[in-house]
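Colleague: return atomic coordinates for the entry below.
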Amino acid sequence: MTETDFVPETLTSDISFGKVTWKAPSNIALVKYWGKLPGQIPANASVSFTLEDSATITTLTYRKLGKEQNDFSFDIFLDDIPVPEFIPKIRTFLGRIERYLPFIKEYHLEIKTTNSFPHSSGIASSASGMAALALCLMEIERRINPELTKLYFETKASFLARLGSGSACRSINGEIVQWGKHPGINSGSDLYGTPYPHKVHAVFKDYQDTILLVHQGQKQVSSTVGHQLMNGHIFAGQRFKQAAQNIEELKQIFETGDLNSFIQVVESEALTLHAMMMTSIPYFVLMKPNTFKIIEKIWEFRKKTALHPCFTLDAGANVHVLYPFKEKEEVMAFIRDELVEYCEDGLFIQDRLGNGAIKIE
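Modeller: Numbers count the residues shown, from 1 in each chain. Below is the predicted model:
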């Protein structure tokens, strides 16, 4: 689909009031997207695991205004508390999607959202949050036009979510999602996320993700700023080639269930992401001392046991420990015995691959 496929020919609404709730998961990229082009287009393709329990629940209440306004009318709440600092980002998002949902200035929107995990701590709260909001807004279009197909609804929701936060387009579907064109394996779109189209071995169908909360505070540098610093980065070109190669390698890995090669690609991607941060101008470091200690412990445990836990990192200090379900008992014992001490307040989130966003009736 192209951008014009998401522009309705006519979409006049006579619906006066409504309320809808969607739950959208976070996702963790295996091949990282870092750097973007104008229009929220990724500089390189990415592949992610969709999570199950790390999610945002958003309730959108919409009320028809007496007449269309010159600006967007909305209130935004996080955990039932107004969050004025979110207003500029939501207004920018609505401005980007107005062409595709031309009725939104006809309504006052009350947006109430809550996360099952700490906000702004590197667990992609913007991804799940924007995905949930995009799905809620699409519900208005579906009420206006009940003939929308499930595929069109989900694809357009992913397209809209991308305009709020790039990685949000990967939080609509499960279990593995690709975003970005990759001609080498003839799949993907820069405009929206797509369910991974190639064969996936059974070992990856129930993969586990234990998220170790090393640092729950606000990041010192936002992902938006970090992406911008890839413009002119001395290593950008080589990084984009590496990401493309790793996606090709993942195709074979997913087909064969090669866990050792999976570990190599995923951990290399995580460290490269942070290497890009540490070598940009200005440079910055989002990992914490306990992040490094956890990584070293994982390497030691893997060497000692020949089991297959590996780490990945998002744009933050927290560590995602990925491992196959069949090794859950041993890996969780290791996490509790040796890794929890490095978590802030001993906190971690037990998660796993999920099936994507769900509407809450």
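Colleague: wasn't Leu133 part of a helix?
Modeller: Yes - the assignment for Leu133 is a helix, going by DSSP: H, G, I helix; E, B strand; the rest coil.
Colleague: what about the closest residue to it other than its chain neighbours, neighbour count?
Modeller: Closest residue in space to Leu133, ignoring its immediate chain neighbours: Thr58 at 5.4 Å, by Cβ to Cβ, 6 or more residues apart in numbering. Glycine gets a C-beta too; all of them are placed from N, C-alpha and C. Number of residues near Thr58 (other Cβ atoms under 10 Å) recorded here: 28.
Colleague: with Gly18 instead?
Modeller: Per other Cβ under 10 Å, the neighbour tally for Gly18 reads 16.
Colleague: these two touch, right, it and Tyr62?
Modeller: Yes - with contact defined as Cβ atoms under 8 Å, Gly18 reaches Tyr62; the gap is 5.3 Å.
Colleague: can you classify Gln218 by secondary structure?
Modeller: Assigned state for Gln218: coil (three-state reduction, three-state DSSP).
Colleague: ok, how many other residues are close to it?
Modeller: When counting by other Cβ under 10 Å, one arrives at 11 neighbours for Gln218.
Colleague: just Val203 next, same as before
Modeller: 17.
Colleague: report the set of residues contacting both of Gly18 and Tyr62.
Modeller: Ile140 (Cβ atoms under 8 Å, 6 or more residues apart in numbering).
Colleague: what is the neighbour count of Ala333?
Modeller: As a burial measure, Ala333 scores 10 neighbours (other Cβ under 10 Å).
Colleague: what residues does stretch 111-118 touch?
Modeller: 26, 53-61, 74-80, 90, 123, 125, 128-129, 132-133, 136, 211, 213, 216, 349.
Colleague: got the domain boundaries for this protein?
Modeller: 3-196, 202-352 (automatic domain parsing).
Colleague: how far does the shortest one stretch from start to finish?
Modeller: Going back to what we said before, that points to domain 202-352. For domain 202-352, the first-to-last residue distance is 14 Å (Cα to Cα, to the nearest Å).
Colleague: for stretch 318-332, same thing?
Modeller: Between the opening and closing residues of stretch 318-332 lies a distance of 17 Å (Cα to Cα).
Colleague: quick one: the nearest residue to Phe325 once chain neighbours are set aside and Pro195, what's the gap?
Modeller: Computed as Cβ to Cβ, 6+ apart, the closest residue to Phe325 that is not its neighbour in sequence is Asp206, at 4.2 Å. Using Cβ to Cβ, to the nearest Å, we find Asp206 at a distance of 17 Å from Pro195.
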